[in-house]
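> Sharing a sequence plus its predicted fold:
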Amino acid sequence: MANTFDVAVIGAGPGGYIAAIRAAQLGFKVACIDDGARADGKPAPGGTCTNVGCIPSKALLQSSEHFEMAQSHFAEHGIGLKDLSIDVPKMIARKAKIVQQTNEGILYLFKKNKITFFHGRASFDGKNENGWQLNVSPTSGKDVETLTATHVIIATGSSPRALPEAAFDNKRILDNEGALALTETPKRLGVVGAGVIGLEMGSVWRRLGAEVTLLEALPEFLGVADVAVAKEAAKLFKAQGLTIHTGVKITAVKNSAKEVAVEYTDAAGATQKASFDKLIVSIGRVPNTKGLNAEAVGLTLDERGFIAVDDHCRTNLPNVWAVGDVVRGPMLAHKAEEEGVAVAERLAGQKPHVDFNTVPYVIYTSPEIAWVGKTEQQLKAAGVAYRAGSVPFMANGRARALGDTRGFVKWLADAATDRVLGLHIIGPMASELVMEGVTAMEFGASSEDIARICHAHPTLTETVKEAALALDGRALNF
Ligand code: FAD
Ligand code: NAI
């Protein structure tokens, strides 16, 4: 039957489209339904990650980093520039082109893997002997279509959380979509939440000339990172000109035609006022479960509104699975992908495993911050005896040649067995370097294993090796 499938995937973000491809590779007849649309109404598969997340943010981070390099660092290489300028609409148009190429790439992959793509919004209708019925309301306004599938994978992602005091209008009070679409640099930019989005988007607009103030609720800055990394980051970001206030409680937000006025109490409990031209609110995200008609079919949500799943991404309903941002765990594209692949393989009778302890975390600031495994404070709290080895990039020839010696690499290993427990990096290309730690942990390596691997010279990876040597008190270049 035309609209009958083995697997229907709701959502074509990194969780959904990757699950659909893996299921198709394994021989299933697959449908994927996604409601994302471009301004011209055409499909925009790829979810948050492609359209208003990972990809566009990295495009703007790259453009703004080039600008800052040209403005502040070219001179030390002997490169002179006159009349440097930034054309923000052009930068945004470049970002839009990259997004569109990615949308088209996913549509191509659907075709290549013979996946039927429905452009619309899916909701559960019920279940009969043939499987689950889904209704799809097409984005183009055509008639509702119905499809039947033996298995359903829900990968509907997440949406930005708003402050109770201030709804998003994406004119002055911006979510991630608005923050990625500004066509001029605001003079005064406020950011509520100094998490990943706040730091990345704050960095973009600071490099282009905005005065950026971050207002963070927690008393500590970047509490999720290793404490030494967070401390170094706070120092470097401050030196770049980011103003970061921690321990803040927002008490009022007034959005007028002229500016956004924010009232808050500071860490000492004193009332403060600040006015901004634009305010980015990046205080976390909420799972997308509305409109699925989940209640009617009895899909269970957890106490935080995520779809409740077991370790295998099984929901409480038979043959209904859920992956990515809509379920527990870190809200990361690569975590969503791993879960999507694992579910498709489980449907084929395989026994995959997703290890949350080896999921890498990256913050694409300058310098970049990346880690995998446990932080020093987590090991202390758990009473684990460990050894630490840390080496600064200042001791690395390649970093000196690059002109970027900020930060360090730190390994943590079990004191008794020397097994690697974590790798923490702040510095150039940390996003790439962290993969050595992921590989080490996946293979159960010891720090001695890393210390004995021949690393190419001159590369930044030598600092990763040196830090492993330092853990045993035998660094050679530091
Ligand atoms: P999503 O990507 O959100 O996709 C869900 C899709 O389902 C969407 O297209 C949605 O429209 C669609 N949908 C929802 N409901 C329905 C329905 N009923 N019917 C049909 N379609 C539906 N992560 C990283 O790992 N690295 C990064 O650098 C990074 N940068 C980010 C930057 C920003 C600014 C933001 C906001 C996020 C970033 N993330 C990053 C997080 C990453 O984008 C998410 O973790 C990832 O997109 C989650 O994938 P997903 O497939 O679960 O959901
Ligand atoms: P986040 O969880 O990283 O940061 C939110 C911050 O806001 C936290 O520091 C929190 O303490 C603070 N906060 C919460 N409520 C507040 C309030 N009322 N006032 C002031 N501060 C408050 O979430 P963020 O930055 O919104 O990003 C959402 C998700 O997107 C993250 O989970 C992240 O994993 C993902 N993401 C990943 C990226 C990457 O991998 N490079 C880049 C951007 C986003």
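In hand now; what should we look at? Ligands and ions are numbered 1, 2, ... in the order given.

> switch to C-alpha atoms for all contacts and neighbour counts from now on
Fine.

> what's the following helix or strand after the longest strand seen in the chain?
If you go by DSSP state E, the chain has its longest strand at strand 116-128. Heading C-terminal from strand 116-128, the first helix or strand you meet, by DSSP states H and E, is strand 131-138.

> Give the other helices and strands that that next one contacts.
With contacts defined as 3 or more Cα pairs under 8 Å, 6 or more residues apart in numbering; DSSP states H and E, strand 131-138 has these neighbours: strand 116-128, strand 145-154.

> Buried ones in the longest one, by neighbour count?
Within strand 116-128, the residues that qualify as buried are Thr116, Phe117, Phe118, His119, Gly120, Arg121, Ala122, Ser123, Phe124, Asp125, counting by 16 or more other Cα atoms under 10 Å.

> From those residues, pick the one nearest ligand 2.
Among the buried residues of strand 116-128, Arg121 lies closest to ligand 2 (Cα to the nearest ligand atom), at 22.8 Å.

> What residues does the chain have near ligand 1?
Counting by Cα under 6 Å from any ligand atom, the chain comes close to ligand 1 at 10-16, 33-36, 45-49, 52-54, 57, 120-123, 155-158, 176, 197, 291-292, 324-326, 331-334, 336.

> Quick one: buried ones out of these?
For the residues of the chain next to ligand 1, buried by 16+ other Cα under 10 Å: 10-16, 33-36, 45-49, 52-53, 57, 120-123, 155-158, 176, 197, 292, 324-326, 331-334, 336.

> In strands, which of those appear?
Ile10, Ile33, Asp34, Gly120, Arg121, Ala122, Ser123, Ser158.

> by contact count, what packs against the longest strand of the chain?
Using 3+ Cα pairs under 8 Å, 6+ apart, strand 116-128 is in contact with strand 30-34, strand 131-138, helix 294-297.

> Out of the ones you listed, which one sits most buried?
strand 30-34 (a mean of 27; mean count of other Cα atoms under 10 Å).

> and the angle from it to strand 131-138?
Counting by axes from the mean of the first three to the mean of the last three Cα atoms, to 10 degrees, strand 30-34 lies at 40 degrees to strand 131-138.

> Strand 30-34 - contacts with which helices or strands?
Using 3+ Cα pairs under 8 Å, 6+ apart: strand 30-34 touches strand 4-10, helix 14-25, strand 116-128.

> for the shortest one, which positions count as buried?
Which is strand 4-10. Quick answer for strand 4-10 (16+ other Cα under 10 Å): Thr4, Phe5, Asp6, Val7, Ala8, Val9, Ile10.

> what's near enough to touch whichever residue of the stretch 1-150 of the chain sits closest to ligand 2?
Nearest residue of the stretch 1-150 of the chain to ligand 2 (Cα to the nearest ligand atom) works out as Cys54 at 6.2 Å. Going by Cα atoms under 8 Å, 6 or more residues apart in numbering, Cys54 touches Thr48, Ala333.

> And Ile425, by the same measure?
Ile425 touches Val229, Glu368, Ile369, Ala370, Trp371, Gly407, Phe408, Val409, Lys410, Leu433, Val434, counting by Cα under 8 Å, 6+ apart.

> Double-check that the last one belongs to a helix.
When you say that, I think you mean Val434. Yes. Judged by DSSP: H, G, I helix; E, B strand; the rest coil, Val434 forms part of a helix.
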